[in-house]
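Colleague: using only what follows, build the 3D model:
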Amino acid sequence: MKEYQFGTSGALEAVGPIIGYSRSCLSTSLYLEKHKLLLDVGPLSCYIKGSVDATKVLITHLHHDHWSGLISLLGLKKCRDKFDPVRIYSPRGTISFLKSLLSELRYKRALSIDLTTESESIDNVENRIPIVLHSLEANRSIETRDGLVIEAFNATHRCESLAFKLDIQGRKEEEGTRLLTYTGDTNVEALLDEDILSSQVLITECTYLEPEKTEEAEERGHMSLGNVVGVESNFKGDCILLVHFKANYTDEEINKSISSYTYSRVTPKAICTKISDAE
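Modeller: All right, here's what the predicted structure looks like:
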């Protein structure tokens, strides 16, 4: 899979490598190696180099291509003797489903996990993986134990869905800019926020390439490349990564479409498009 390394200085060093794969209806999952963090956990998550070491998982919504790799990932962790606690951050309305599913799989002895809470010990017991479920709501933030600040905001999609702004505790106050924003699946309304457009790294969906598909994208809670081009001039950060292209586009079509536009500041990059890149 393709890896994006942003450099060794300043804010981009704080992001570190981003590795993953994303295609609409197939799988979306991006791994921030430096923070042991998965942005969504689609069916191909286990193929991402290093993902078995993830201790934090952000789930934007419950469409299968964004969450259904969670079970495989937890199973692989057991096989690789990776028993560190895993914290799963997901929209409030999805928590009961995830808790019920994981509880049932544990009861059936299909997963070696223990569901726990912040108030309980999360030390490993009997070679099980401690799982902590965190309920997220829009416009509220949570700080992880290693100092990562996760702020959720509403995404406009066809089901309950959140997008995420990520930063390191205290960094935004010092630097004046957000470290990273990940939109998940949403239409262009999610990009009409100055705070988001000033993120150092913006990872945003781009399901459709054709300009004539913009209206359809809007109706289905998605974006077209034209939407991204429309906001690029207002982007004040360093890098725009595009994900979630429709599965029937070839890499050549994607790259040709991106290069056909003139950009005033930052040329977007397509990330992780080939299934054959999976390791």
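Colleague: pull the number of nearby residues for the residue lying closest to Lys82 once chain neighbours are set aside.
Modeller: Counting by C-beta to C-beta, 6 or more residues apart in numbering, Lys82 lies nearest to Val52, which is 5.7 Å off, once chain neighbours are set aside. C-beta: built from backbone N, CA, C; applies to glycine. Residues contacting Val52 under the criterion other C-beta atoms under 10 Å number 16.
Colleague: wait, is Val231 part of a strand?
Modeller: No. Per DSSP: H, G, I helix; E, B strand; the rest coil, Val231 lies outside any strand segment and is helix.
Colleague: separation between the residue nearest to it when sequence neighbours are not counted and Ser233?
Modeller: Among residues not flanking Val231 along the chain, Leu191 sits closest, at 4.8 Å (C-beta to C-beta, 6+ apart). According to C-beta to C-beta, to the nearest Å, Leu191 and Ser233 sit 12 Å apart.
Colleague: higher neighbour count, the two?
Modeller: Leu191 (22 against 11).
Colleague: can you show me the helices along this protein?
Modeller: 10-15, 64-67, 70-79, 95-107, 171-175, 194-197, 214-219, 225-232, 251-259 (DSSP state H).
Colleague: what residue ranges in this protein score low on pLDDT?
Modeller: 1-12, 119-125, 272-279 (pLDDT under 70).
Colleague: switch the cut-off to 50
Modeller: 7-9, 275-279 (pLDDT under 50).
Colleague: need the outlier residue of it, farthest from its centre.
Modeller: Glu126 (30.9 Å; C-alpha atoms, centre = their mean).
Colleague: which residues touch that one?
Modeller: Not one residue lies near Glu126 by C-beta atoms under 8 Å, 6 or more residues apart in numbering.
Colleague: over to Ile88?
Modeller: Val57, Ile59, Leu70, Leu98, Ile131, Val132, Leu133, His134.
Colleague: pick the one among these closest to Gly170.
Modeller: His134 (21.0 Å; C-beta to C-beta).
Colleague: against Ala247, how distant is the residue nearest to that closest one when sequence neighbours are not counted?
Modeller: Distances taken as C-beta to C-beta, 6+ apart put Tyr89 closest to His134, at 4.6 Å, once the chain neighbours are dropped. Using C-beta to C-beta, Tyr89 is found at 27 Å from Ala247.
Colleague: from what I can see the residue nearest to Lys82 touches Leu73, true?
Modeller: Yes. Using C-beta atoms under 8 Å, Val52 makes contact with Leu73 at a distance of 7.1 Å.
Colleague: how close does the residue most central in space within the chain get to Ser259?
Modeller: Residue closest to the mean C-alpha point of the chain, counted by C-alpha atoms, centre = their mean, is Leu39 at 2.4 Å. Counting by C-beta to C-beta, the gap from Leu39 to Ser259 is 26 Å.
Colleague: show me what contacts the closest residue in space to Lys172 that isn't next to it in sequence?
Modeller: Leaving aside its sequence neighbours, Lys172 sits nearest to Arg178 (C-beta to C-beta, 6+ apart; 6.1 Å). By C-beta under 8 Å, 6+ apart, the residues touching Arg178 are Lys165, Leu166, Asp167, Lys172, Asp195, Ile196, Ser198, Ser199, Gln200.
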